[in-house]
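K.L.:
let's see this in three dimensions:
(2 chains)
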Amino acid sequence: MSSTPPAGELLSAPEGLLSIEALRVRFPGTNAPALEDVSLAVGRGECLGVVGESGAGKSLTFLAAFGLLPAGAEVSGRARLGTTELLGLTERALDRIRGRRVGLVFQDPMSSLTPHLTVGAQVAEVLRRHLGLGARAARTRAGELLERVRLGDAGRRMRQYPHELSGGMRQRVMIAIALACEPQLLIADEPTTALDVTLQAQLLALLAQIKREQHMALVLITHDFGAVAGLADRVAVMRAGRVIESGTAAQVFGAPRETYTRELLRAAGEPPGVPAAPSAPAGAAVLEVSDLEVRFAHGTGLLRRRLFTALESVSLELAGGQALGIVGESGCGKSTLTRAALRLVRARGGRVVWLGRDVSALAPRYLRHLRRDLQLIFQDPLASLDPHLTVERLVGEPLEIHLSALPPAERLARTRSMLERVGLEPALYGRRPHELSGGQCQRVGIARAMILAPRLLVCDEPLSALDVRAQRQIRLLLEELRGEQGTSLLFVSHDLALVRRLCERALVLYRGRMVELGPSAALFERPLHPYTRELIEAIALADPALQPARLAKVALGEPPAPLASPGGCAFRARCPHATAVCAEQRPPWVSAGPGRWVACHHFGQWADGML
Amino acid sequence: MFGYTLRRLLGIVPVLLILLTVSFFVVRLAPGGPFAAARALPARTRAELKRLYGLDRPLGVQYLDYLDALAHGNLGPSYSMRDDTVAQLIGAGLPVSATLGAAALALGVALGVALGVGAALNPGAVLDRLLTLFAALTLALPSFVTGPLLALAFGLWLHWLPVAGWRPDAPRYLILPAVTLALPLAASLARLMRASLLEVLQASYVRTARARGLGRARVLWHHALRPALVPVVGYLGPAATYLVTGSLVVETVFELPGTGRYLVQGAIDRDYTLVMGMVLVYGLLTLLANLAADLAHAWLDPRVRHEPL
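P.N.:
Prediction:
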């Protein structure tokens, strides 16, 4: 498919810090090597972006270089840090390099911190080990480091356990630990992948600032071209265990040599077009929700149950054939809204109408036959499919339940034609979910939902768990199916750019309240709520000419905690335009132009630059 | 945590009450009665005895009487060993049984955890294979076989340890019974520990700890061991039940004057009060062991703590 660029070109980076040459990794019991002839170099103070889809060998390259592969893996080639040859070093010698000269940050902050040790103890541990600090000095320094990575309220957080922190906070802690001994090189492996758009932007901006100030080299491993565009000086593209293309960021983004790179870039950087117009004019309402309120109990107190309001006075209407996007950060109530609208969680108040029928008061057992017309696709395609069933059974099962009168031959024919429609090869029909890729699993999920030709399809972050190319393919598939069957779409995502491509209208939620609703293109061009603007600014553009400057403007810190007092505007602690009235009165939900609604006291003024 | 412990302790009371109620009626369902077996007594004497112990009264009244006495700390007289009350019998035997149980538990946990960790660190190595053999043997052989075998080897051939009997001031008498009782426990715990540690060593946070250059020992003891102990600690509840039933056999094999024999003998003799006393003691022990396991779990894993400590 491609030839590896000559090693000389890669080593031309000034003052090579880390250089990997002809690295090859093979796992016992497999024939094909997991890595083949990988050569990469990182210069002092520079950022190398390593891009590619999952399974391309991005993480493997650096795990192998620093001796972190599982026992038994065969590693050959060369990996030098400065003048030290890393391959073949003893564990003891590597332990003087790892954490000291090289910091590593892994993808999943949920599982990468030790659960039974406090955050402060885990930062201090590294300082004591590598710098020989005493207990007290290490604690003080740990506090400073946590402040350096802008972890709010660092003193209190130090005494907390990882599970008490949010995903973004945990990733800050991971970065603090990796930076503790002022390493020459930081390897960040998908550091922002599991996070919201806003948090992603904040953490990338933080990494950019630290790299600049400490003159530290950075390896950013990611499948996200937007992240790379904001930070990387040079880019290497990996596929199937090889480096297929490398060069400066401008070269790779501006004039990619490989078809594969162009394909990845196209998937990432597609200009936000206008969503395909629905084939039929908007029909009668498929879903109407008014004044929905959902509360969850938290804490296990016997007598006093504390209640947490997940959704408050949310109303929406979705006409036949239309697509509505629901946007907001994690915990804003997006998923709760879809679940309450489908009556999968119990609403405390409000009305839910499906296809003109009020279902708010119906007991769940009467809902079953109505559910046929409202189908759901989940975020994690693998976890949402029964592992025991084959692809064919999974997709045919809704027919068994809702159209049990159908003769088996007819059922099979319909299943097969649906499977074909979503682009699954007949060879896959007998497989089980764990034998499929993420994209294939999601196709099964879509086929399963669409086989009943539902009137409404609810998608809860259906693309977040997928690779860029699979994301694009699934998105196109959803668009096509929608066009063909005239299905309405309720599309939940934290990615405003995606919602803009797919949905005519978008609803922005913040902490369980509606803050803005409008046609997605207009919302994008001229947001009326400061929170919507924050979301738009956080979108990473896959353009190295623009993205670094945009990243430089992003706030580095955790968003301030929401204020305890229930009155007023929920966003005011974070809002640059907040005034006295925002603390006193809840902003009313007001009309702001054709099809546009907003809940902000000052929307007219700030959006026009008067505040 | 204090409030949680208190609630759980209070929760023991109703469970014990249910246990006692069920046992009370079940033992009386069995045919025969306390004075049926031993000697053929004249009918008049037997009626007199029954009247003396209140056994001629309606069952419901007997039940309420028993609870009333229990509430005043009175476990009643033993019907088969008429010189002693149930409280005296338990008071004499329990220290022996408790010492045996505690020693076996400590030995089983220490041996099990050590073997399990050793095996997990080098899966497939000599120690790991020895563990498989050891577990198969000790779990397959009942303690009335291993006990006499150990007594034969260490008592009769080597003359290192006494074969049987008990002297309160000589811990030597405790060694063989405690080892016999501990071996299957150690095998179960070692296998749990091995599997659990192997899994934890694959966890993302262990790899991260290695990536921080903390060193093999620190990663193992500080980051991996505590989470790996969770299933081991969870097994302590079932282990307590095993120790109770296991001690019946071991005490018989080694002729220890513990309480184990009372449970069997009491049931055979239809010694209602003695059986009830034993049910109470062992029920309480089992419930407390389960509570201890849950508290230890909360200590090991901050995510399951219900309230701040």
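K.L.:
show me where pLDDT drops low in chain B?
P.N.:
B:1, B:36-40, B:306-309 (pLDDT under 70).
K.L.:
check the stretch 251-400 of chain A too.
P.N.:
For the stretch 251-400 of chain A (pLDDT under 70), the answer is A:269-282, A:298-306.
K.L.:
any chance you could map the helices in it?
P.N.:
Remark: helices assigned in the stretch 251-400 of chain A by DSSP state H, counting those that start in this stretch are A:259-269, A:334-341, A:364-367, A:391-402.
K.L.:
tell me which of those helices is the most buried.
P.N.:
Ranked by mean neighbour count under mean count of other Cβ atoms under 10 Å in any protein chain shown, those are led by helix A:334-341, which reaches a mean of 23. No exception for glycine: its C-beta is placed from N, CA and C like everyone else's.
K.L.:
so which elements touch that helix?
P.N.:
strand A:285-298, strand A:306-319, strand A:323-327, strand A:456-460, strand A:488-493 (3 or more Cβ pairs under 8 Å, 6 or more residues apart in numbering or on different chains; DSSP states H and E).
K.L.:
next, the angle strand A:306-319 makes with the fourth one.
P.N.:
Using axes from the mean of the first three to the mean of the last three Cα atoms, to 10 degrees, the interaxial angle of strand A:456-460 with respect to strand A:306-319 works out to 140 degrees.
K.L.:
tell me the buried residues in stretch A:571-583?
P.N.:
Neighbour counts over stretch A:571-583 (16 or more other Cβ atoms under 10 Å in any protein chain shown) mark A:571-572, A:574-575, A:577-578, A:582 as buried.
K.L.:
mind checking how far B:Arg218 is from B:Val206?
P.N.:
B:Arg218 is 11 Å from B:Val206, where distance means Cβ to Cβ, to the nearest Å.
K.L.:
again with A:Ala522
P.N.:
Plainly put, A:Ala522 is 50 Å away from B:Val206 if you go by Cβ to Cβ.
K.L.:
so the two - more neighbours on which side?
P.N.:
Taking neighbours as other Cβ atoms under 10 Å in any protein chain shown, A:Ala522 and B:Val206 compare with B:Val206 leading, 19 against 16.
K.L.:
residues touching A:Leu204, list them.
P.N.:
By Cβ atoms under 8 Å, 6 or more residues apart in numbering or on different chains, the contact set of A:Leu204 is A:191-192, A:227, A:230-231, A:540, A:551, A:554.
K.L.:
the helix or strand that contains B:Ala240 - contacts with which helices or strands?
P.N.:
Under the criterion of DSSP states H and E, B:Ala240 resides in helix B:236-253. The contact analysis (3+ Cβ pairs under 8 Å, 6+ apart) places helix B:236-253 against helix B:86-121, helix B:143-150, helix B:172-201, helix B:260-268, helix B:272-300.
K.L.:
now the angle from the fourth one to helix B:272-300?
P.N.:
In this structure, helix B:260-268 runs at an angle of 130 degrees to helix B:272-300, with the same axes, to 10 degrees as the basis.
K.L.:
what residues does helix B:260-268 touch?
P.N.:
B:27, B:80, B:89-90, B:93, B:97, B:247-252, B:271, B:274-275, B:277-278, B:282.
K.L.:
could you find the closest non-adjacent residue to A:Leu292?
P.N.:
In space, and not counting its chain neighbours, A:Leu292 is closest to A:Gly350: 3.7 Å by Cβ to Cβ, 6 or more residues apart in numbering or on different chains.
K.L.:
how much space is there between the closest residue to A:Thr198 other than its chain neighbours and A:Gln107?
P.N.:
Excluding the flanking residues, the one nearest A:Thr198 by Cβ to Cβ, 6+ apart is A:Ala538, at 4.5 Å. From A:Ala538 across to A:Gln107, the span is 19 Å (Cβ to Cβ).
K.L.:
of the two, who's got more company?
P.N.:
A:Ala538 (24 against 20).
K.L.:
follow-up on the earlier one: reformat the helices and strands packed on helix A:334-341 as CSV; add mean neighbour count.
P.N.:
Shown next, in CSV, are these (neighbours: other Cβ atoms under 10 Å in any protein chain shown):
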stretch, mean neighbour count
strand A:285-298, 18
strand A:306-319, 18
strand A:323-327, 27
strand A:456-460, 24
strand A:488-493, 25
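K.L.:
adding distance to B:Met193, write those out as CSV.
P.N.:
CSV is the format used below for the helices and strands packed on helix A:334-341 (distance: least, Cβ to Cβ, whole Å):
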stretch, distance to B:Met193
strand A:285-298, 34
strand A:306-319, 38
strand A:323-327, 47
strand A:456-460, 40
strand A:488-493, 43
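K.L.:
A:Ala267 is nearest to which of the ones you listed?
P.N.:
Set against A:Ala267 and scored by Cβ to Cβ, the helices and strands packed on helix A:334-341 come closest in strand A:488-493, at 16.1 Å.
K.L.:
okay then, goodbye and thanks.
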